[in-house]
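*Asks:* Fold the following.
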Amino acid sequence: MQAAGGGTAASETPNLVNIGDKMIVAGIGFQVATMSICGLLAVDFAVRTVRARRAKGEEKVLGREAKRFNFYLLATSVAFLTIYIRCIYRVPGQCRPIPLTERRKFALLTPIRTS
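*Replies:* As a prediction, the model looks like this:
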């Protein structure tokens with residue numbers, strides 16, 4: 001949806017530019033909504049998994065494997081949160097011009113997300 005909006009916004013007709021901008025904002029909004037659902041499902045999975053492992057006493061049995069899994073949960077959570085924050089921040093950025101001071105903050109999120 002965002003790509004179609006970007007293509008439409010690149011046209012020379014002011015009406016199509018406006019429609020393209022609205023499509024981009026709708027695409028970002030849809031992305032935030034789907035990421036919210038996925039984030040809630042991931043939290044549910046993590047909580048249920050940790051509770052089940054503690055109930056079975058696997059935390060002590062698995063040892064090193066449990067630590068790897070916990071590291072995986074942490075790394076996935078950090079990656080998700082940086083992408084999610086950037087998506088949320090993009091919605092108002094597409095609706096209005098972003099001042100230069102805010103652009104610097106926005107630019108900082110890109111290297112964090114990709115590294």
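
*Asks:* Skip the chain neighbours and tell me the closest residue to residue 3.
*Replies:* Nearest residue to residue 3, sequence neighbours excluded (C-beta to C-beta, 6 or more residues apart in numbering): residue 27, at 8.0 Å. (Each C-beta comes from the backbone N, C-alpha and C, glycine too.)

*Asks:* ok, longest helix in this structure?
*Replies:* The residue-count maximum for a helix in the chain (DSSP state H) belongs to helix 14-56.

*Asks:* Show me what it is packed up against.
*Replies:* Applying 3 or more C-beta pairs under 8 Å, 6 or more residues apart in numbering; DSSP states H and E, we find helix 14-56 packed against helix 2-9, helix 64-95.

*Asks:* for the record, mean pLDDT for it?
*Replies:* Confidence for helix 14-56, expressed as mean pLDDT, is 85.

*Asks:* Repeat that for stretch 81-96.
*Replies:* Confidence for stretch 81-96, expressed as mean pLDDT, is 76.

*Asks:* what's near enough to touch the closest residue to residue 24 other than its chain neighbours?
*Replies:* Spatial nearest neighbour of residue 24, excluding adjacent residues (C-beta to C-beta, 6+ apart): residue 5 at 3.7 Å. Applying C-beta atoms under 8 Å, 6 or more residues apart in numbering, we find residue 5 in contact with 19-27.

*Asks:* Turn those into CSV, columns for distance to residue 13.
*Replies:* Shown next, in CSV, are these (distance: C-beta to C-beta, whole Å):
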residue, distance to residue 13
19, 9
20, 10
21, 13
22, 14
23, 14
24, 16
25, 19
26, 19
27, 20
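
*Asks:* any idea which of these has the most stuff around it?
*Replies:* Sorting these by how many neighbours each has (other C-beta atoms under 10 Å) puts residue 24 first, at 22 neighbours.

*Asks:* Compare the helices and strands packed on helix 14-56 and report which one is nearest to residue 41.
*Replies:* Proximity to residue 41 (C-beta to C-beta) singles out helix 64-95 among these, at 11.3 Å.

*Asks:* Thank you, goodbye.
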